[in-house]
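Peer 1: Sequence and computational prediction follow.
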Amino acid sequence: MDVRYQRFVRSVLSPDDSRELEEVDRLAVELHNHLQASSAEIDLVHVHRAQSSAVQTIVSIMLREHLGFREEVILTPSNGFTTLARPDFVYGLAPGRGIIAEVERGGTTTNNHDLKDLWKTHVAPDAQHLFLVVPNANWNEAGAARERPYTRVLQRLGAFFGDPRREVDVVSLHVFGYGRSA
């Protein structure tokens, strides 16, 4: 199965954002290649009633060991917010600049985890980019697709890019779809 990938970027970028985005895109390509190479392994663990951590374990090999992301780091609190956001993975690009990476499974759209992940990136003072790894489909007991999170995430989160009026304070969003879709 091919791993799906879609990138969204703010409609207007500063020269610094454009330079930074080159590094972010390079990391996204490496993650996409790893997911592609691991697709058979992911398909084995992405089944009905499997532990959510099973896919995250496979993805973490690339993010932590090869790309240098840190796992389960509490983000710098934002002024006025009492949340202590702790994304799955964080990568520092420069002081006050970084990437949040989240690996989702069953609650991607049913529990609005995709929207929460975008919001987490939006309010984090030290994260401007989001890597969101989601299933192409989730399965029921009979083996049929009960929902297709990847397509839904593209529609929902893509709405926050491309028009300055709708944009949030996130420079780029990279959505990766794993697992079989049919």
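Peer 2: Structure received.
Peer 1: Any figure for the gap between the closest residue to residue 141 other than its chain neighbours and residue 146?
Peer 2: Here the nearest residue to residue 141 in space, its sequence neighbours aside, is residue 48; by CB to CB, 6 or more residues apart in numbering that works out to 5.6 Å. For every residue, glycine as well, the C-beta is placed using N, CA and C. Residue 48 sits 9 Å away from residue 146, going by CB to CB, to the nearest Å.
Peer 1: Check which residues of stretch 31-42 are buried.
Peer 2: 31-32, 34-35, 38-39, 42 (16 or more other CB atoms under 10 Å).
Peer 1: residues contacting the residue nearest to residue 141?
Peer 2: Residue 48 makes contact with 139-141, 143, according to CB atoms under 8 Å, 6 or more residues apart in numbering.
Peer 1: possible to save the residues you listed as a markdown table with distance to residue 22?
Peer 2: Below are those laid out as a markdown table (distance: CB to CB, whole Å):
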| residue | distance to residue 22 |
| --- | --- |
| 139 | 37 |
| 140 | 42 |
| 141 | 45 |
| 143 | 42 |
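Peer 1: picking that back up, of the buried residues of stretch 31-42, which is the nearest to residue 67?
Peer 2: Distance to residue 67, by CB to CB, is smallest for residue 31 among the buried residues of stretch 31-42, at 7.0 Å.
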